[in-house]
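**Q** kindly generate the corresponding structure for this input.
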Amino acid sequence: MAFYESIPSYRRVLDWEGADRATELVVAGDEAHVAAQLRRYIDAGATEITLTQTDLAGEADRVRTWRLAGELARA
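**A** Numbering: from 1, shown residues only. Next up is the predicted model:
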């Protein structure tokens, strides 16, 4: 995640959030936690949210993550 700290647009977001490190803004957890955190961004006025994931949890979790994101985008 450290490479995000050197990208000006991401650095601006980190500064706005008062975060020193990109890892402070990582949203990870079960579906309820991730949904709540993404909803917090939406409720704060975010018009774009960038999602990425790792392959650490496997294909089923990747699909669940994208499905959840799609449901939130339609809400």
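**Q** from now on I want contacts and neighbour counts done on CA atoms only, so please keep to that.
**A** Will do.
**Q** might you report the residue contacts of residue 69?
**A** Contacts of residue 69 were listed using Cα atoms under 8 Å, 6 or more residues apart in numbering, and they are residue 35.
**Q** report the rounded mean pLDDT for whichever strand or helix holds it.
**A** Per DSSP states H and E, residue 69 falls inside helix 59-74. Per-residue pLDDT over helix 59-74 has a mean of 84.
**Q** and it, how far from the chain's centre?
**A** In terms of Cα atoms, centre = their mean, to the nearest Å, the gap separating the centre of helix 59-74 from the centre of its chain is 12 Å.
**Q** which parts of stretch 54-69 are buried?
**A** Counting neighbours by 16 or more other Cα atoms under 10 Å, one finds that the buried residues in stretch 54-69 are 61, 62, 65, 68, 69.
**Q** ditto for stretch 20-32
**A** By neighbour count with 16+ other Cα under 10 Å, stretch 20-32 contains the buried residues residue 22.
**Q** and the pLDDT at residue 23?
**A** Residue 23 is given a pLDDT of 90.
**Q** so for the closest residue to it other than its chain neighbours, what's the pLDDT?
**A** Once flanking residues are discounted, residue 23 sits nearest to residue 1: 6.3 Å by Cα to Cα, 6 or more residues apart in numbering. On the pLDDT scale, residue 1 is placed at 82.
**Q** now residue 55
**A** Confidence score, pLDDT, at residue 55: 73.
**Q** with adjacent residues omitted, what lies nearest to it?
**A** Closest to residue 55 by Cα to Cα, 6+ apart is residue 62, at 7.5 Å.
**Q** I'd assumed residue 53 was in contact with the one you found.
**A** Yes - using Cα atoms under 8 Å, residue 62 is in contact with residue 53, at 7.1 Å.
**Q** still on that earlier bit, and the gap between the residue nearest to residue 23 and residue 47?
**A** 22 Å (Cα to Cα, to the nearest Å).
**Q** residue 8 too?
**A** From residue 8 to residue 47 the distance is 19 Å (Cα to Cα).
**Q** before we move on, what about residue 74?
**A** Distance from residue 74 to residue 47, by Cα to Cα: 13 Å.
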